[in-house]
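Undergrad: Following is a predicted model, sequence given first.
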Amino acid sequence: MPLNIAKFGGTSVANIDAMSSCAHVVQNNQATRVVVVSAAAGVTNYLVQLANEELTAEQIDAVIASIEQIEFAILSGLDSPPQVSVKLNELLNLLRELAFHEEILHRPDLKDAMLSLGERMSSLLFAELLCQKGVQAENFDARKVIKTDSDFGQAAPDFSLVASQAAKLMKPELSRTVLVTQGFVGSDEHDNTTTLGRGGSDYTAALLAEALDADSCEIWTDVIGVYTTDPRITDKARPLPELSFEEAAEMATFGAKVLHPATMVPAVRKNIPVFVGSSREPEKGGTWIVKDCKNEPHFRALTRRRDQVLVTIKTPSMLYASGFLQQVFGILARHNLSVDLVTTSEIAVSLTIDNPPNSVRARLNRATIEDLKQISDVSVEEGYDLVTVVGNNMHSSAGVSSQIFESVRNYNLRLICYGANPHNISFLVASNDSTGVVKELHRDLFEGE
Ligand SMILES: Nc1ncnc2c1ncn2[C@@H]1O[C@H](COP(=O)(O)OP(=O)(O)O)[C@@H](O)[C@H]1O
Ligand SMILES: N[C@@H](CC(=O)OP(=O)(O)O)C(=O)O
């Protein structure tokens, strides 16, 4: 019997109507035996607020009330037995306890316990909805299987442990019941709750697909596939029927929010096709992400990643010196920052760092800058976005770069990264320009066909 893992994102489980569409999707595919759900849309943002912001008691109450409103609205749409509302209230009590915990702003373990609650509530409610629709389904605690390190907020899974736990605890159940589990959530060796980073439910689905040797992994969301660019940027964007693993990984890494950047890693390891489609309009089909595509166009898609910070580190002692870059990257690694673009000159190195709001962990912080200042002059510029052209053989084909640069000739490109791999060309532009840059590129590279 083939096995499919279906993941439903936040907008797909935002309310009872959206959840009902997801239930249909599950019912229509007998192979779907594992369902991964995200928190209802908006809930994780509220939880991040409670975990990271200094709020008054009234403000905390107001945020909790907003979460309760979302969860109770779903509950009221269910014809649910009393034990579901008892369990939901237990989770909400835990939320209240953590929100008012005096150490919540300083303890990453408590933050992750809090952040997990959105997924724990939605999986409870979705499992119940499936049962009411006549599907034999059970809520399953992902923390028993998604074993990770203790890097709270961005925990890394231990693949072999995930595989052995899934084989032991999930596989034997699948002939009996559909398991509805939480995306984004795991646990470390001491059974502390961990989370995989924002958007991490896609990653959970791919990890379980790998661990359970699934035949496919479906990512159900609010768009009918992966588009040539974010359809919110231009209504000319069009869905792609097919993408390669490499192209999808580049798109995810460089900002296509529809997929978490790590999603493709387990899929590639086991060559598992990944489908992206809309849970509201499943009949419209979607994008299949596969190992080998029928064609490999130079230009496949455009992505934009917002909230980039440009850090320039400048020191005359870099001239003819060795070991300076090592020092810089050592400091960034100590502060857990990952760098995207890097350019160097004789006495300066510029690099970009992701600095999104609503991140689980503070990204660029004062302490990092202070440490960098110990070895050099540092300037920090905010207000940039990274625009990336994703495609194939871009570094080895004549005319590719001239087409791109001709298209954006009226914009100031602050930093360009070209040819580090054959699948992308990236440049940093002022945030105010990025919509225009993507639209122009889209028109010139994708709308003439
Ligand atoms: N290339 C792209 N193709 C499709 N959607 C994209 C792309 N880039 C960004 N997106 C955005 O990703 C959104 C879906 O991701 P997300 O909001 O995280 O969904 P979910 O809550 O289902 O996980 C879409 O609504 C769309 O605006
Ligand atoms: N709820 C988590 C994990 C996630 O993947 O959500 P979504 O599938 O809605 O992007 C978040 O908001 O980050």
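TA: That came through fine. Ligands and ions are numbered 1, 2, ... in the order given.
Undergrad: does whichever residue of the stretch 301-449 of the chain sits closest to ligand 1 sit in a helix, a strand or a coil?
TA: Residue of the stretch 301-449 of the chain nearest ligand 1, by C-beta to the nearest ligand atom: Ala301 (5.8 Å). No exception for glycine: its C-beta is placed from N, CA and C like everyone else's. With DSSP: H, G, I helix; E, B strand; the rest coil as the basis, Ala301 sits in strand.
Undergrad: Where does the prediction get shaky in the stretch 301-449 of the chain?
TA: Scanning the stretch 301-449 of the chain with the threshold set as pLDDT under 70 gives 317-321, 360-363, 419, 449.
Undergrad: now the strands for it?
TA: Using DSSP state E, counting those that start in this stretch, the strands of the stretch 301-449 of the chain run over 339-344, 348-354, 377-391, 415-418, 424-430.
Undergrad: just checking, what packs against the fourth one?
TA: Helices and strands in packing contact with strand 415-418 are listed as strand 339-344, strand 424-430; criterion 3 or more C-beta pairs under 8 Å, 6 or more residues apart in numbering; DSSP states H and E.
Undergrad: Buried residues of stretch 342-362, list them for me.
TA: 347-355, 359-361 (16 or more other C-beta atoms under 10 Å).
Undergrad: export those to CSV and tack on distance to ligand 1?
TA: Shown next, in CSV, are the buried residues of stretch 342-362 (distance: C-beta to the nearest ligand atom, whole Å):
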residue, distance to ligand 1
Ile347, 38
Ala348, 33
Val349, 30
Ser350, 26
Leu351, 24
Thr352, 19
Ile353, 21
Asp354, 15
Asn355, 19
Ser359, 14
Val360, 15
Arg361, 18
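Undergrad: if we can go back for a sec, now for the residue of the stretch 301-449 of the chain closest to ligand 1, how many residues are close by?
TA: 27 (other C-beta atoms under 10 Å).
Undergrad: Could I get the contacting residues of it?
TA: For Ala301, the contact set (C-beta atoms under 8 Å, 6 or more residues apart in numbering) comprises 226-229, 240, 243, 247, 251, 256, 390-391.
Undergrad: try 6 Å this time
TA: Ala301 makes contact with 228, 251, 390 under the criterion C-beta atoms under 6 Å, 6 or more residues apart in numbering.
Undergrad: do you know how far it is from Val34?
TA: Using C-beta to C-beta, to the nearest Å, Ala301 is found at 29 Å from Val34.
Undergrad: Equivalent analysis for Leu302, please.
TA: 33 Å.
Undergrad: Could I get the full set of helices for the stretch 251-400 of the chain?
TA: Listed in chain order, the helices of the stretch 251-400 of the chain (DSSP state H, counting those that start in this stretch) span 264-270, 324-334, 366-373, 400-407.
Undergrad: Could you give me the buried positions within the last one?
TA: Think helix 400-407. Neighbour-count burial for helix 400-407 [16+ other C-beta under 10 Å]: 400-401, 404, 407.
Undergrad: What separation is there between the residue lying closest to Asn421 once chain neighbours are set aside and Cys417?
TA: Of all residues not flanking Asn421 in the chain, His395 sits nearest, at 7.5 Å (C-beta to C-beta, 6 or more residues apart in numbering). For His395, the distance to Cys417 equals 11 Å [C-beta to C-beta].
Undergrad: Between the two, which is the more surrounded one?
TA: Cys417 (18 against 14).
Undergrad: Around ligand 1, pick out the residues from the stretch 301-449 of the chain.
TA: Ala301 (C-beta under 6 Å from any ligand atom).
Undergrad: Tally up the residues packed near whatever residue of the chain ends up closest to ligand 1, please.
TA: Of all residues in the chain, Gly9 sits closest to ligand 1, with a separation of 1.9 Å (C-beta to the nearest ligand atom). Using other C-beta under 10 Å, Gly9 has 26 neighbouring residues.
Undergrad: got a list of what it touches?
TA: 38, 221.
Undergrad: and Val226, what is it in contact with?
TA: 240, 243, 258, 276, 287.
Undergrad: biggest helix in the chain, by residue count?
TA: Longest helix of the chain, by residue count under DSSP state H: helix 57-76.
Undergrad: Give me the contacts around that helix.
TA: So helix 57-76 is contacted by 16, 40, 43, 46, 49-50, 88, 99, 121, 125 (C-beta under 6 Å, 6+ apart).
Undergrad: Could you see whether ligand 2 lies near it?
TA: No. Residues of helix 57-76 contacting ligand 2 under C-beta under 6 Å from any ligand atom: none, with a closest distance of 12.4 Å.
Undergrad: close to ligand 1, is that helix?
TA: No. Using C-beta under 6 Å from any ligand atom, helix 57-76 never reaches ligand 1; the gap is at least 13.8 Å.
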